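**Q** Just the structure for this:
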Amino acid sequence: MKLRWRFTLTLALAALVPITVAAVVTRQVIAARYVREYQARQASAEESMRRELDRLSKQVQAATTSLTQIDLVKNILTGIQNGTLARSLRNYQRQSRVLMEGLSLDVFEVVGPDPPVTVKEVALIKPHLPGDAETAEARPLRALAAKFPNEVFYTFEDIKREGQPITEVLVGEAVRIAVDDQSSYTVPVLGGRAILDDILESVRGRQQNVDLRVIKRATGKPILAAKHANWDTFAADLPRRIDLPGPDGQAVATIEIAVSDPERAGLLRALTYTSAGLALAALAAVVLIGLLVARRTSRDLDALVVGSLAASRGELEHRVPVRSRDEIGAVADAFNFMMEDLKVSKERLVIAERIAAWQEIARRLAHEIKNPLTPIQMAMDTLRKSWKKQHPSFEEILEESTSSVLQEADRLKHIVTEFSDFARMPKPSFVRLDLNEVIRSALTLYQGAVPITTKLTDKLPQIDADRGQVNQVVINLVENARDAIGKRPDGRITVSTRLGEAGDRVTVLVDDNGPGIPVELKDKVFAPYFTTKHAKGGTGLGLAIVHRIVSDHGGRIQVMDAPGGGARFLIELPLRNGTALLASRI
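**A** Purely as a prediction, here's the structure:
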């Protein structure tokens with residue numbers, strides 16, 4: 001994976017965690033705030049219902065207290081004292097209906113005096129029921145008055161409202177004992193108000209999306225239905241409950257308050273999508289910024305790589321552009337300074353090497369020229385002395401001396417020609433060619449004359465090379481190997497090719513099983529005019545020419561020991577002209 005992608009991926013992963021945490025926290029904070037607002041609406045609806053119940057309780061308590069103080073109840077107590085209650089009871093019933101309606105009560109009941117006047121409590125006045133109730137058995141209101149002294153409790157009653165009887169109505173009631181200062185009797189007085197839809201509707205009207213219903217605890221069924229038919233799906237959360245205590249202290253009914261939040265699911269979903277979208281947008285922005293930064297960084301690094309490859313090819317004129325003043329810009333500056341320094345150093349080194357090379361060539365050339373001059377000088381000196389002495393065999397001496405001079409002159413001419421050819425070697429003319437085909441063509445000259453084995457790799461890639469110069473390299477190396485094996489009966493030469501391990505080069509190997517090359521001479525074999533074959537007329541330019549051709553092709557040549565003994569010459573040539581063969585790719 002390239003640096004820019006590794007950098008971008010690392011930056012994206014590093015940013016993903018805080019972006020995700022921020023998105024989740026933002027979503028949770030907003031959702032929690034919305035939930036708190038929703039719970040506040042629930043609490044507000046419950047508080048409204050409790051205020052309504054409290055208002056109803058206060059009204060019932062106030063009405064019951066006033067009932068114990070009105071003339072009707074006092075007259076009942078007086079009638080009990082005087083024994084005239086029976087004659088006046090029907091008239092009291094008519095007055096009680098008017099009184100109940102005036103106090104906005106749905107239940108009004110007065111029970112007979114305490115024992116021993118009567119054994120059972122009898123309802124003297126009960127106008128909330130149809131018909132007269134003078135003889136109806138009453139509830140134990142005296143015990144309730146002792147238990148709930150003007151406190152409201154809830155129970156179910158049959159009442160008549162607007163002339164219509166209604167059964168099992170939930171009523172909030174309060175009971176007090178009426179006392180007449182002039183009488184020794186007391187009577188319980190009960191007042192109550194029904195809990196009907198008007199009370200629930202008053203709560204519904206205060207807040208939107210609020211609904212209520214009243215459940216009878218004994219049956220679990222609603223006695224006041226909700227406004228919305230789909231109660232179970234009206235609210236996502238469980239409804240809030242207000243228990244209504246009965247005469248025995250146990251809840252007889254429950255008011256359920258539900259607050260609907262139709263936008264809650266959609267809002268949370270939209271909030272989730274928005275948070276995810278913002279997180280993705282932030283991540284995309286981070287990735288984009290990372291790509292831009294990585295692209296800029298990798299662009300500068302790529303320029304440094306190009307510059308390094310140029311330096312490896314010896315292109316010391318190459319300079320890396322400095323686009324910034326950061327650390328990478330400092331590296332580019334240092335690289336350019338190094339290239340300039342290398343250029344100056346190389347120029348000095350080239351001059352020094354050129355002087356040293358020409359000195360070595362001049363020394364070797366002088367040595368090569370001096371060798372023929374000595375016999376020429378001796379021949380001419382002998383010829384001169386013979387002439388002065390008028391030697392009788394002068395003609396014979398002349399013939400031998402002139403033959404020796406001509407032979408050495410030819411040798412001098414041969415040395416000068418080889419030197420001239422080496423000095424005037426042209427630059428290669430690159431074309432795409434099949435290396436195996438060039439090698440086969442060169443080796444046809446040795447068919448039947450030299451024991452050569454070929455191991456050429458099939459489907460070897462074509463290379464950029466000069467056909468004539470590559471042919472000359474193969475012939476020179478084979479000739480060198482041929483001289484090495486000499487007349488050995490088991491002598492053999494192996495020429496092989498293969499693709500380099502890096503896939504950017506081809507390799508040519510020429511092996512022989514001759515005596516090999518001593519270690520101390522391996523560094524000198526490619527030097528011009530270095531030879532170990534003076535006796536055979538060697539000039540020392542063959543391997544020097546091979547080295548120059550390989551170098552001009554951008555390749556390398558090495559000499560080493562062959563696996564089975566002898567010498568091995570290894571040549572590496574790039575597939576494309578101008579491609580550097582870096583040692584790290586071997």
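**Q** what's near enough to touch residue 253?
**A** 154, 170, 214-217, 223, 243-244 (Cβ atoms under 8 Å, 6 or more residues apart in numbering). (Glycine included, C-beta is placed from N, CA and C.)
**Q** Include neighbour count and pLDDT when you put those residues into CSV, please.
**A** Below are the contacts of residue 253 laid out as CSV (neighbours: other Cβ atoms under 10 Å; pLDDT from 0 to 100):
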residue, neighbour count, pLDDT
154, 20, 93
170, 20, 89
214, 21, 93
215, 19, 92
216, 16, 92
217, 14, 90
223, 15, 89
243, 13, 94
244, 20, 93
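**Q** could I get those as a markdown table with distance to residue 566 and secondary structure?
**A** Output for the contacts of residue 253, formatted as a markdown table (distance: Cβ to Cβ, whole Å; DSSP: H, G, I helix; E, B strand; the rest coil):
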| residue | distance to residue 566 | secondary structure |
| --- | --- | --- |
| 154 | 120 | strand |
| 170 | 119 | strand |
| 214 | 113 | strand |
| 215 | 110 | strand |
| 216 | 115 | strand |
| 217 | 112 | coil |
| 223 | 116 | strand |
| 243 | 111 | strand |
| 244 | 116 | strand |
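**Q** Of those, which pair is most distant in space?
**A** Using Cβ to Cβ, these reach their maximum pairwise distance at 223 and 243, which is 14.5 Å.
**Q** Residue 165 falls within a helix, correct?
**A** No - under the criterion used here (DSSP: H, G, I helix; E, B strand; the rest coil), residue 165 is strand, not part of a helix.
**Q** I'd like the distance between it and residue 129.
**A** Going from residue 165 to residue 129 by Cβ to Cβ, to the nearest Å gives 8 Å.
**Q** next one: residue 268
**A** Relative to residue 129, residue 268 is positioned 53 Å away (criterion: Cβ to Cβ).
**Q** all helices of this structure, in order?
**A** Along the chain, the segments classed as helices by DSSP state H run 3-67, 71-82, 85-102, 141-147, 197-206, 231-234, 264-312, 327-388, 394-423, 435-443, 467-485, 542-552.
**Q** The first one packs against which elements?
**A** Using 3 or more Cβ pairs under 8 Å, 6 or more residues apart in numbering; DSSP states H and E as the contact criterion, the secondary-structure elements in contact with helix 3-67 are strand 164-179, strand 186-194, helix 197-206, strand 210-216, strand 240-245, strand 251-259, helix 264-312.
**Q** is it possible to export these to a markdown table including distance to residue 98?
**A** Output for those, formatted as a markdown table (distance: least, Cβ to Cβ, whole Å):
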| stretch | distance to residue 98 |
| --- | --- |
| strand 164-179 | 18 |
| strand 186-194 | 14 |
| helix 197-206 | 22 |
| strand 210-216 | 30 |
| strand 240-245 | 29 |
| strand 251-259 | 30 |
| helix 264-312 | 51 |
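**Q** Can you tell me which of those is most buried?
**A** strand 186-194 (a mean of 25; mean count of other Cβ atoms under 10 Å).
**Q** Does anything pack onto that strand? Which helices or strands?
**A** In terms of contacts (3+ Cβ pairs under 8 Å, 6+ apart), strand 186-194 is packed against helix 3-67, helix 71-82, strand 107-111, helix 141-147, strand 153-161, strand 164-179.
**Q** mind checking which of those is nearest residue 282?
**A** Judging these by Cβ to Cβ, what sits closest to residue 282 is helix 3-67, at 5.0 Å.
**Q** Measure how far the closest one is from the centre of its chain, please.
**A** Centre-to-centre, helix 3-67 and its host chain are 33 Å apart (Cα atoms, centre = their mean, to the nearest Å).
**Q** how big is the angle separating that helix from helix 264-312?
**A** Angle of helix 3-67 versus helix 264-312, following axes from the mean of the first three to the mean of the last three Cα atoms, to 10 degrees, is 160 degrees.
**Q** hey, what's in contact with both of residue 165 and residue 129?
**A** Counting by Cβ under 8 Å, 6+ apart, the shared contacts of residue 165 and residue 129 are 158-159.
**Q** which intervals of the stretch 251-400 of the chain have sub-threshold pLDDT?
**A** Scanning the stretch 251-400 of the chain for pLDDT under 70 picks out 262-265, 267, 294-295, 297-298, 313-314, 350-365, 367-368.
**Q** Tell me the one among the contacts of residue 253 nearest to residue 430.
**A** Among these, residue 215 lies closest to residue 430 (Cβ to Cβ), at 99.9 Å.
**Q** check contacts around that closest one.
**A** By Cβ under 8 Å, 6+ apart, the residues touching residue 215 are 221-223, 253-256.
**Q** who's it bridged to?
**A** residue 222, residue 254 (DSSP bridges).
**Q** Equivalent analysis for residue 171, please.
**A** Applying DSSP bridges, one finds that residue 171 bridges with residue 155, residue 194.
**Q** And stretch 217-229, what's buried?
**A** 224, 226 (16 or more other Cβ atoms under 10 Å).
**Q** send the alpha carbons of that stretch over as CSV?
**A** The C-alpha coordinates for stretch 217-229 follow below in CSV (Å, rounded to 0.1, in the frame of the first residue of the first chain):
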residue,chain,number,x,y,z
ARG,A,217,-59.9,-1.8,39.7
ALA,A,218,-62.3,-4.7,40.4
THR,A,219,-62.9,-5.5,36.8
GLY,A,220,-59.9,-3.8,35.0
LYS,A,221,-62.3,-2.3,32.5
PRO,A,222,-62.6,1.4,31.6
ILE,A,223,-65.6,3.2,33.1
LEU,A,224,-64.6,6.4,31.4
ALA,A,225,-63.2,5.6,28.0
ALA,A,226,-60.3,7.4,26.4
LYS,A,227,-60.9,9.8,23.6
HIS,A,228,-58.7,7.9,21.2
ALA,A,229,-59.8,4.4,20.3
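**Q** roughly how far out does it sit from the chain middle?
**A** Using Cα atoms, centre = their mean, the distance from the centre of stretch 217-229 to the centre of the chain it belongs to is 55 Å.
**Q** hmm, who's touching that stretch?
**A** Contacts to stretch 217-229, defined as Cβ under 8 Å, 6+ apart, come from residues 168, 170, 195-197, 200, 204, 211-216, 234, 250-254, 258, 260.
**Q** winner for burial among the helices and strands packed on strand 186-194?
**A** Most buried of the helices and strands packed on strand 186-194, by mean neighbour count (mean count of other Cβ under 10 Å): strand 107-111, with a mean of 26.
**Q** re earlier: from the contacts of residue 253, pick the one nearest residue 21.
**A** Nearest to residue 21 out of these is residue 243 (Cβ to Cβ; 43.9 Å).
**Q** Grab the two from the contacts of residue 215 that are most spread out in space.
**A** The distance between the two most remote of the contacts of residue 215 (Cβ to Cβ) is 14.3 Å, for 221 and 255.
**Q** Not counting residues beside it along the chain, what's closest to residue 342?
**A** Leaving aside its chain neighbours, residue 342 sits nearest to residue 316 (5.3 Å; criterion: Cβ to Cβ, 6 or more residues apart in numbering).
**Q** Just give the nearest non-adjacent residue to residue 482, would you?
**A** The shortest distance from residue 482 to any non-neighbouring residue, by Cβ to Cβ, 6+ apart, is to residue 450 (5.4 Å).
**Q** gap between the two ends of stretch 189-202?
**A** 29 Å (Cα to Cα, to the nearest Å).
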